[in-house]
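Peer 1: can you look at this prediction? I've put the sequence above it.
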Amino acid sequence: MTKRVLVLNGPNLNLLGTREPGTYGAETLKDIEALCHVAAEELGLSLDFRQSNYEGELVTWIQDARKTADGILINPAAYSHTSVAIHDALRAVNLPVAEVHLTNIHQREAFRHHSYVSSVAFGVICGFGTLGYRLALMALADKLK
Ligand SMILES: O=C(O)[C@]1(O)C=C(c2cccc(Sc3ccccc3)c2)[C@@H](O)[C@H](O)C1
């Protein structure tokens, strides 16, 4: 049975590749989606890849995942540092969660050092750029086998 992973991307990630390439790299979210589909094919996973700037939409997608997905990869972006709602939704659905950040949030501004998602994720990857998405999918494939 092919395991299905919901890949969620938070606010402003739709702007990747357009500004701040020195911080977030030159790749776009479309580039990340493409690399995720290549990795998923290699790992025998199916993917649902989404991005939203709206916290409530991300919460609803997480809730729906209880019935439609086997695991979640999430880059919550700025909501990492603010959203108890996303934390609670991830806890409620009780699916394996891998958290990804393109940058090393621990080397950045203090307000980025804490993530409300990390305590409900089985693993957290940060600082490896877009490779972090591939690494997280590898970890999810292993967790779901
Ligand atoms: O490193 C990440 O992936 C992170 O999750 C991603 C973030 C992020 C995501 C998208 C955009 C921006 S800021 C930005 C705005 C315009 C163009 C490029 C970047 C930050 C930060 O909010 C987080 O603190 C860290």
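Peer 2: Perfect, thanks for sending it.
Peer 1: switch to C-alpha atoms for all contacts and neighbour counts from now on
Peer 2: Fine.
Peer 1: now Lys143. Its backbone dihedrals?
Peer 2: Phi and psi for Lys143, reported as degrees, to the nearest 10, are phi -70, psi -30.
Peer 1: show me the contacts for it.
Peer 2: Lys143 is in contact with Pro96, counting by CA atoms under 8 Å, 6 or more residues apart in numbering.
Peer 1: so Leu58 sits in a strand?
Peer 2: No: applying DSSP: H, G, I helix; E, B strand; the rest coil, one finds Leu58 to be helix, outside a strand.
Peer 1: roughly how far does it sit from Met1?
Peer 2: Leu58 is 26 Å from Met1, where distance means CA to CA, to the nearest Å.
Peer 1: same deal with Pro96?
Peer 2: Using CA to CA, Pro96 is found at 17 Å from Met1.
Peer 1: before we move on, the earlier item: out of Leu58 and Met1, which sits in the more crowded spot?
Peer 2: Set side by side, Leu58 and Met1 show more neighbours around Leu58, with 24 against 6, by other CA atoms under 10 Å.
Peer 1: which residue is the nearest non-sequential neighbour of the more buried one?
Peer 2: Ser52 (6.5 Å; CA to CA, 6 or more residues apart in numbering).
Peer 1: didn't that neighbour look like it was pressed against Asn9?
Peer 2: Yes: using CA atoms under 8 Å, Ser52 makes contact with Asn9 at a distance of 6.4 Å.
Peer 1: what are the buried residues along stretch 76-83?
Peer 2: Within stretch 76-83, the residues that count as buried by 16 or more other CA atoms under 10 Å are Pro76, Ala77, Ala78, Tyr79, Ser80, Thr82, Ser83.
Peer 1: brain fart, stretch 118-137
Peer 2: Buried-residue list, stretch 118-137, by 16+ other CA under 10 Å: 118, 120-121, 123-127, 129-137.
Peer 1: one step back: make CSV from the buried residues of stretch 76-83 and add secondary structure and distance to Asp31 to it.
Peer 2: Below are the buried residues of stretch 76-83 laid out as CSV (DSSP: H, G, I helix; E, B strand; the rest coil; distance: CA to CA, whole Å):
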residue, secondary structure, distance to Asp31
Pro76, coil, 18
Ala77, helix, 17
Ala78, helix, 20
Tyr79, helix, 22
Ser80, helix, 22
Thr82, coil, 27
Ser83, coil, 26
